[in-house]
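**Student:** predicted model and sequence below, questions to follow.
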Amino acid sequence: MATENWKGVKVRYDLLTKGTRRYGEKLDGGKPQFIVAHDTGNPNTSAQTNVNYYENTYNIPWNSVASAHIFVDDKECVVCIPTTEKAWHVLYDAPTDNLWYNKDANDVAIGVEICYFSDKERSRKALDNGARVLAYLAEYWNIDYKTRMPGHQDIQSDKQDPGNLLQACGYGRNTSNLDKQVAKYYKKDVKVKVTPTSAKKGATTLTRDEFVKWLKATEGKQYDYDMYAAFQCFDYANVGWNKLFGHGLKGDGAKDIPFNAWNLEKFKEEAKVYKNTPKFLAKPGDLVVWGAQLGGGWGHVAWVVEATLDYIVVIEQNWLGGGWTSGPINNGTGWETATRRKHNYETEMWFIRPNFATKATTNTLSNKLKDKKEEKKITWNWKGRFVANTTIKVRRSAGLHGSVVDSNSWLLKNQWVDFVSVTKRNGYWWAKFKYPTNPSAGYFYCALCKITDKQERIKKEKYFGKINWK
Ligand SMILES: [Zn+2]
């Protein structure tokens, strides 16, 4: 069975037997035009369980058929219908997809089902995987996730998904909370190529806090420092050391790092090595090395991000052996990403503590003050009803850089919206509103007028319509 890696998620193809669920009909136009996000509505079921259920009922009668292309859970993603074929995941009668996209979802959209669990952490992992998969698909098919990735609940009034999933994660049910997760991965390369930095010899310019902040930002990404055997623990150690000192470390295996003669020469200026003892307290930013009892005799290495006398929390690669699972040794890949995990101290354990930079705080303090000063008020919670007297573009955020929604959803002459606030940006005043016909889609923005008044008073302007202030 073929496997792929979509932004760090293991993807398997387990295509359904052709029948009613997978009819084999191509999408209109041959490729997806938008994506509908669903949850399974069936807590504590895995992606494979759902696909198995489809396969066991692959030819279910037409009057009760439903299907989706993809299922994602906390471990993997399973594709059961190719994304260029039709699946039956939104009611044909639902009008909103036609209104927004001028098409029925089933004819042109990918349906992605995300699993959820009574265990919040599992739900969050499934959501994170789902967000990666959605970001991958949106990029692959050139779909703007901000405007062309509704939740099922947004286009079919009797549906509650993906709200069930979002709630299981402890978030609000609005699809915007899914968008926030997708934003973390959309057009962001999670497989990061490393370029050596030009750090000064033997000294890092980073403070401990800055470095730990950087470490935390690597979570969920994959690092192949030496272009050998994909995403090993040693690669991740090297990416960090390179970030600090502009070079990696040497050793046949991770266990050699504290003893390699070349490293020890470097450590004279760059770090201090500690052997673990019962009283030793690790610090965030330490590089921790396990001895030969791990990794088939190669040891293991990770970066500490949190520590007490009882345990350490690290970020690490390849703890589960998923760093390199497919492809050639010089250009392979794996499903495991840099992951945060709690470990016990071990007897055979060494901590390498980099000599971090120390910085005067005045600089950051003055920056903070500067930021504060530049935060000028631009939004006022003034409410009213706006009736357009011309066609007006609708955007997902206030300002000329807010992405524009599909033209079917623009305001037309004589259409009205009730706005809840006004924002001054890019030479225009913008209104924040919900569509009266579809409030569950969340807030949108439209320009009310160009700013011409010298004192920028909105009530002195000429609007693109009529405003009744409330
Ligand atoms: Zn659904």
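**Tutor:** All right, it came through fine.

**Student:** within range of the ion, give me the residues from the protein.
**Tutor:** By the rule Cβ under 5 Å from the ion, the part of the chain lying against the ion is 38, 152, 161. Using the backbone N, CA and C atoms, a C-beta is placed for each residue, glycine as well.

**Student:** please repeat the previous calculation with a cut-off of 8 Å.
**Tutor:** Listed as neighbours of the ion in the chain under the rule Cβ under 8 Å from the ion: 36, 38-39, 41, 68, 89-90, 111, 113, 152-153, 156, 159, 161-162.

**Student:** just the buried residues from those, in PyMOL please.
**Tutor:** Typed into PyMOL, the line below selects the buried ones among the residues of the chain next to the ion, using 16 or more other Cβ atoms under 10 Å:
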select buried, resi 36+38+39+68+89+90+111+113+152+153+156+159+161+162
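
**Student:** what ranges do the strands span in the stretch 51-200 of the chain?
**Tutor:** 70-72, 77-79, 109-114, 191-192 (DSSP state E, counting those that start in this stretch).

**Student:** OK, now which residue of the stretch 101-250 of the chain is nearest to the ion?
**Tutor:** At 3.4 Å from the ion, His152 is the closest residue in the stretch 101-250 of the chain, using Cβ to the ion.

**Student:** any idea how far that residue is from Ala68?
**Tutor:** 10 Å (Cβ to Cβ, to the nearest Å).

**Student:** before we move on, what about Lys466?
**Tutor:** 44 Å.

**Student:** likewise Tyr171?
**Tutor:** From Tyr171 across to Ala68, the span is 22 Å (Cβ to Cβ).

**Student:** what about the strands of the stretch 51-200 of the chain, which gets the closest to Val182?
**Tutor:** Among the strands of the stretch 51-200 of the chain, the nearest to Val182 by Cβ to Cβ is strand 109-114 (10.8 Å).

**Student:** need the residues touching each of His152 and Ala68.
**Tutor:** Common neighbours of His152 and Ala68 are listed as 38, 89 (criterion: Cβ atoms under 8 Å, 6 or more residues apart in numbering).

**Student:** I'd guessed Glu85 sits against Lys18; true?
**Tutor:** No. Assessed by Cβ atoms under 8 Å, Glu85 is found out of contact with Lys18, at 9.6 Å.

**Student:** which residues do these two both contact?
**Tutor:** The contact sets of Glu85 and Lys18 overlap at Gly24 (Cβ under 8 Å, 6+ apart).

**Student:** what's stretch 336-347 in contact with?
**Tutor:** Applying Cβ under 8 Å, 6+ apart, the contact partners of stretch 336-347 are 8, 190, 218-223, 231, 236, 276, 280, 282, 290-291, 293, 302, 305, 310-323.

**Student:** if we go to 7 Å?
**Tutor:** With Cβ atoms under 7 Å, 6 or more residues apart in numbering as the test, stretch 336-347 has contacts from 8, 218-223, 231, 236, 276, 290, 305, 311-320, 322-323.

**Student:** done for today, thanks.
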